[in-house]
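[1] no letters, just coordinates:
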């Protein structure tokens with residue numbers, strides 16, 4: 001069965017999004033339709049290249065030895081300004097000019113790095129995304145956020161640079177390790193919690209189908225997440241208001257990633273952050289204990305942590321949050337759930353409340 005969802009953007013600043021089984025064979029021709037005869041360069045996660053390049057060459061993808069292929073050792077440790085310089089110099093050596101375009105093939109790190117590179121190379125060139133992980137398909141490839149990390153924090157250097165188009169095929173998830181699939185489920189849970197109660201019900205009822213990677217279930221889930229995020233981004237591209245709700249779980253999550261030197265994966269950290277926000281909302285009388293428990297159970301069902309690792313005391317987490325890019329002056333915006341599918345952007349948080357919650361999260 002081949003199912004395809006097309007989300008062509010009415011706003012030229014927003015990406016065209018295509019979700020479906022069987023899209024991979026069409027990607028080279030589709031890019032040609034966008035770019036004509038202009039040169040296109042491909043930045044591949046080197047692990048994904050090893051798994052997929054041979055079979056995709058049969059569909060017209062560029063192959064071994066092609067100067068347009070640049071392999072990238074994707075990891076959070078390589079999501080740096082030095083990697084951007086290295087990749088940019090490889091593009092120069094390969095003949096990329098201001099009329100060229102980039103295609104990112106990989107997970108969130110590859111997409112963030114390639115997108116940022118495209119935003120500054122020759123003062124900005126177009127780019128396309130072919131996300132190969134669940135996390136990238138449901139979240140990071142959509143919305144135009146690009147960037148790299150500094151020692152002081154995650155994604156502190158970056159830009160908004162929308163991909164021209166994004167292609168998502170669930171077949172890439174066939175080779176995704178269970179640990180990486182779990183990371184993506186954290187972002188799916190986030191999406192359902194902040195704005196899609198129907199998706200939440202679907203996740204509760206279709207856990208087994210999603211776990212066995214049933215194609216129809218995956219397409220339904222990925223499409224729902226993309227549709228929701230695309231609508232949010234279209235209404236607030238530069239994160240001046242409603243787009244901040246997408247940061248649910250990320251304030252505490254990014255702090256944990258930083259403290260662990262990124263040993264704690266992104267999805268795990270966000271799951272802890274979501275549960276911290278839920279417990280804080282419960283403490284403030286804004287969320288029912290029933291909904292807080294539902295979130296905890298949903299995360300646990302996917303093997304996601306709900307408590308802060310003991311090696312990170314509340315004071316250290318709060319200190320790490322001080323460099324969070326979501327601060328506005330002295331105010332740290334905190335997205336709090338008030339029900340399944342509903343959140344608020346909360347300001348004026350009492351640090352004592354946050355510290356108490358961080359120190360008492362259930363295991």
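    Looks like it came in fine. All of these numbers come straight from a predicted model, not from anything done at the bench. Numbering: from 1, shown residues only.
[2] can you tell me the closest non-neighbouring residue to residue 157?
    Distance criterion CB to CB, 6 or more residues apart in numbering; nearest residue to residue 157, sequence neighbours excluded, is residue 148 at 5.4 Å. C-betas here are computed from N, CA, C, even on glycine.
[3] grab the most central residue of the chain for me.
    Centroid check for the chain by CA atoms, centre = their mean gives residue 140 as the closest residue, at 2.5 Å.
[4] that one contacts residue 110, doesn't it?
    No: Residue 140 lies out of contact with residue 110 (CB atoms under 8 Å); the separation is 9.7 Å.
[5] hang on, residue 204 packs against residue 298?
    Yes: using CB under 8 Å, residue 204 makes contact with residue 298 at a distance of 7.2 Å.
[6] which of the two has more neighbours?
    Higher neighbour count among residue 204 and residue 298: residue 298, with 24 against 14, using other CB atoms under 10 Å.
[7] for the stretch 151-300 of the chain, which spans come out with low pLDDT?
    236, 238-241 (pLDDT under 70).
[8] go again using 80 as the cut-off
    Within the stretch 151-300 of the chain, the segments meeting pLDDT under 80 span 235-242.
[9] and the strands in the stretch 251-363 of the chain?
    For the stretch 251-363 of the chain, the strands defined by DSSP state E, counting those that start in this stretch occupy 327-328, 331-332, 334-339, 342-346.
[10] I'd like those as TSV, with mean neighbour count appended.
    Putting the strands of the stretch 251-363 of the chain into TSV (neighbours: other CB atoms under 10 Å) gives the following:
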stretch	mean neighbour count
strand 327-328	11
strand 331-332	15
strand 334-339	20
strand 342-346	17
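[11] for residue 42, find the nearest of the ones you listed.
    Residue 42 lies closest to strand 334-339 among the strands of the stretch 251-363 of the chain, at 35.6 Å (CB to CB).
[12] quick one: list the elements packing against the closest one.
    With contacts taken as 3 or more CB pairs under 8 Å, 6 or more residues apart in numbering; DSSP states H and E, strand 334-339 sits against helix 178-195, helix 266-283, helix 289-301, strand 342-346.
[13] what angle do that strand and helix 289-301 make?
    110 degrees (axes from the mean of the first three to the mean of the last three CA atoms, to 10 degrees).
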